[in-house]
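Visitor: sequence unknown, structure follows:
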């Protein structure tokens, strides 16, 4: 990858449009430039992260008085978040790199990515840059993020939320109900504390979240919801007038008036409910008062986009499909096709 001249400095915008009320977060930035008040889920299997995170804190505390110590957050090739924690002291730098590798290992699997941490690249299960590139065909990230109040629904490990911040968002709220993903936020705030000025994390189901946003991203969530119309209605209520929703979802690549409703599992996984055709997806959006609907061409998910990786999972797309016919899931349903949709609140 050619990264020469590809780093974009983290933007902080002084323009202040009407902001959503972010809930009080235990991860607010403290007065120390390398510390954070985050609390983590009190579950036994997170103890390994806590141990390595504390070690990372101690290493950064010592490093902060070394020559040339600096913490930056940048963008590589317009789609890869890059954290850099550097010291001019080689021994100190070696300690930083070792502690960073250890703490990142405790967060496996990394589902979305890639990420860059100093010279270490984390290749996640999903190459999420491909989805971001598809999004660009129907919406400019700068136009829909720069200076905007942005919501990231189902943020996972905050990959897309970081891209929103790095494309100039005034405020980003990242929402997910899974306790693990707060740990990613906790680590990111430690590595670059100023990020907490723009990016907030809320651990809840989206139905429990309220606010008002200019742009809303809902990526890979719709088919996991028992009631997609109720979800879309709630998302509509979270947008300000003329607000934009970016919706990415699995779909059936046709114009039939039907959905797939898997009676059991889909791709060997629970939690898949309604998978709409393109016609049904448009109808859902229209019935929930969205307009200006535009869609990318549908793309069949392949092993370039979702694959087993060292930092991700050994169980990935290939194991989820029929071993004799990759057009079908393991259960015999149509294999996943994906589409990105841009819709506007009327």
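Guide: Looks like it arrived, so ask away. The structure displayed is predicted, hence computed values, not measured ones.

Visitor: elements contacting the helix or strand hosting residue 175?
Guide: When elements are assigned from DSSP states H and E, residue 175 belongs to strand 171-176. Here strand 171-176 touches strand 149-153, helix 159-166, strand 199-203, going by 3 or more C-beta pairs under 8 Å, 6 or more residues apart in numbering; DSSP states H and E. Where C-beta positions appear, they are placed from N, C-alpha and C, glycine not excepted.

Visitor: of all the ones you listed, which one is nearest residue 248?
Guide: With distances scored as C-beta to C-beta, the stretch of the helices and strands packed on strand 171-176 nearest to residue 248 is helix 159-166 (9.4 Å).

Visitor: check the burial of the nearest residue to residue 317 once chain neighbours are set aside by counting its neighbours.
Guide: Using C-beta to C-beta, 6 or more residues apart in numbering and skipping residues adjacent in sequence, the residue nearest residue 317 is residue 306, 4.2 Å away. Number of residues near residue 306 (other C-beta atoms under 10 Å) recorded here: 23.

Visitor: same deal with residue 144?
Guide: 22.

Visitor: state the phi and psi torsions of it.
Guide: Here is the backbone geometry of residue 144 (degrees, to the nearest 10): phi -100, psi -10.

Visitor: which element follows the strand holding residue 175 toward the C-terminus?
Guide: helix 181-191.

Visitor: and that next one with helix 159-166, angle?
Guide: Between helix 181-191 and helix 159-166, the angle comes out at 40 degrees (axes from the mean of the first three to the mean of the last three C-alpha atoms, to 10 degrees).

Visitor: now stretch 175-186: buried residues?
Guide: Neighbour counts over stretch 175-186 (16 or more other C-beta atoms under 10 Å) mark 175-176, 180-186 as buried.

Visitor: related to what we said a few turns ago, turn the helices and strands packed on strand 171-176 into a markdown table, columns for mean pLDDT.
Guide: Shown next, in a markdown table, are the helices and strands packed on strand 171-176 (pLDDT from 0 to 100):
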| stretch | mean pLDDT |
| --- | --- |
| strand 149-153 | 98 |
| helix 159-166 | 98 |
| strand 199-203 | 98 |
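
Visitor: nearest to residue 73, of the ones you listed?
Guide: Distance to residue 73, taken as C-beta to C-beta, is lowest for helix 159-166 among the helices and strands packed on strand 171-176, at 7.2 Å.

Visitor: thought residue 128 was touching residue 161?
Guide: No: with contact defined as C-beta atoms under 8 Å, residue 128 does not reach residue 161; the gap is 11.5 Å.

Visitor: so the two - more neighbours on which side?
Guide: residue 161 (31 against 25).

Visitor: which residues of the protein fall in helices?
Guide: For the chain, the helices defined by DSSP state H cover 47-63, 90-105, 128-135, 141-145, 159-166, 181-191, 228-237, 278-287, 317-320.

Visitor: and those helices, which is most packed in?
Guide: helix 159-166 (a mean of 27; mean count of other C-beta atoms under 10 Å).

Visitor: that helix vs helix 128-135, what angle?
Guide: Comparing the axes of helix 159-166 and helix 128-135 via the same axes, to 10 degrees yields an angle of 60 degrees.

Visitor: contacts for helix 159-166, please.
Guide: Contacts to helix 159-166, defined as C-beta atoms under 8 Å, 6 or more residues apart in numbering, come from residues 8, 10-11, 73-75, 79, 81, 112-113, 115, 124, 128, 132, 141, 145, 150, 152, 155, 172, 174, 188, 195, 198-199, 215, 217, 219.

Visitor: picking that back up, ok, which of the helices and strands packed on strand 171-176 comes nearest residue 99?
Guide: helix 159-166 (20.8 Å).

Visitor: relative to strand 171-176, how tilted is the closest one?
Guide: Going by the same axes, to 10 degrees, helix 159-166 makes 180 degrees with strand 171-176.

Visitor: which of the contacts of helix 159-166 are buried?
Guide: For the contacts of helix 159-166, buried by 16+ other C-beta under 10 Å: 8, 10-11, 73-75, 79, 81, 112-113, 115, 124, 128, 132, 141, 145, 150, 152, 155, 172, 174, 188, 195, 198-199, 215, 217, 219.

Visitor: which residues does the strand holding residue 175 contact?
Guide: For strand 171-176, contacts defined as C-beta under 8 Å, 6+ apart pick out 19-20, 22, 149-156, 158, 161, 164-165, 185, 198-204, 206, 209, 211, 213.

Visitor: go again using 7 Å as the cut-off
Guide: 19-20, 22, 149-156, 158, 161, 164-165, 198-204, 206, 209, 211 (C-beta atoms under 7 Å, 6 or more residues apart in numbering).

Visitor: what's the answer for stretch 54-70, then?
Guide: 34-35, 86-89, 92, 95-96, 99-100, 103, 190.
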